[in-house]
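>>> Kindly return the folded structure for what I paste below:
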Amino acid sequence: MSKSQQISRGFHRLAMLLAALGLMLCACDDVQETGSDATPAESSPSELPEEMREVLAQLPADPTLAAAELDERLKARVKVSDGLIIVEGRGLFSKFVLPATTPWIVRCGMVGVSVILGTAVSGSGENVGNDIDVLLHLGPVKPEVCDVIAPRLAKSMQAMLAG
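Modelled structure (predicted):
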């Protein structure tokens with residue numbers, strides 16, 4: 001990858017991070033207590049793109065219901081077919097296709113909930129990150145809620161990969 005491509009990717013990743021952070025900060029005046037520490041209320045601005053409304057949407061207070069909601073989001077974005085993982089992308093990339101043997105993890109915590117696929121990374125310095133991060137929820141999630149959500153999403157990924 002050329003130096004200009006690396007710089008371009010770094011700027012794109014930084015712009016996406018700043019946009020998400022800005023949306024979180026704008027929503028701070030209108031938060032409700034739920035299964036997550038503080039997430040934007042259901043009345044998120046209608047002018048936001050649909051995918052941002054989804055990841056900013058308040059999770060149900062019941063961890064089991066929150067896990068079910070995030071599992072639906074995961075299945076809407078990630079499919080497995082003929083030994084390939086197909087990820088519906090957002091932003092500049094509309095689709096990612098990886099071998100089903102690709103490593104993956106579920107991340108749950110103060111930043112939100114996501115499934116990270118593959119080993120492809122881009123950026124430089126402190127702005128290095130995975131290229132395929134399936135963001136399911138943006139906002140802090142309590143550890144006891146992550147204790148329910150993370151294993152459920154991991155089992156769902158395993159089931160999809162098993163076919």
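
>>> Just list the residues touching T64, thanks.
Contact criterion CB atoms under 8 Å, 6 or more residues apart in numbering gives V148 as the residues in contact with T64. Just so you know, the C-beta spots here come from the backbone N, C-alpha and C atoms, and that holds for glycine as well.

>>> just S114 next, same as before
Residues counted as contacts of S114 (CB under 8 Å, 6+ apart) are 106-107, 133-137.

>>> Return the closest of those residues with respect to G83.
If you rank these by distance to G83 using CB to CB, V134 comes first, at 19.0 Å.

>>> For this protein, which segments are assigned as strands?
Assignment of strands within the chain using DSSP state E yields the ranges 31-32, 39-40, 78-81, 84-88, 95-99, 104-108, 112-122, 129-138.

>>> most packed of these?
Most buried of the strands of the chain by mean neighbour count (mean count of other CB atoms under 10 Å) is strand 39-40; its value is a mean of 24.

>>> where does the chain have low pLDDT?
Applying pLDDT under 70 to the chain flags residues 1-48, 91, 93.

>>> Swap in 80 and give it another go.
1-54, 90-93 (pLDDT under 80).

>>> May I have the residues that are in contact with the nearest residue to V115 once chain neighbours are set aside?
Ranked by CB to CB, 6 or more residues apart in numbering and with sequence neighbours excluded, the top spatial neighbour of V115 is V134, at 4.5 Å. Applying CB under 8 Å, 6+ apart, one finds that V134 lies in contact with 74, 77-78, 87, 114-117.

>>> from the contacts of S114, which is closest to A154?
If you rank these by distance to A154 using CB to CB, V106 comes first, at 5.0 Å.

>>> Tell me the spacing between that closest one and P140.
V106 sits 16 Å away from P140, taking CB to CB, to the nearest Å as the criterion.

>>> now R90
Applying CB to CB, the value for R90 to P140 is 21 Å.

>>> Ok, P103 next?
Separation of P103 from P140 (CB to CB) stands at 26 Å.

>>> Which of those two has more residues huddled nearby?
Neighbours around P103 and P140, counted as other CB atoms under 10 Å, are more numerous at P140. The numbers are 15 against 9.

>>> so the more buried one makes contact with C146?
No. P140 is not in contact with C146 according to CB atoms under 8 Å; the separation is 10.1 Å.
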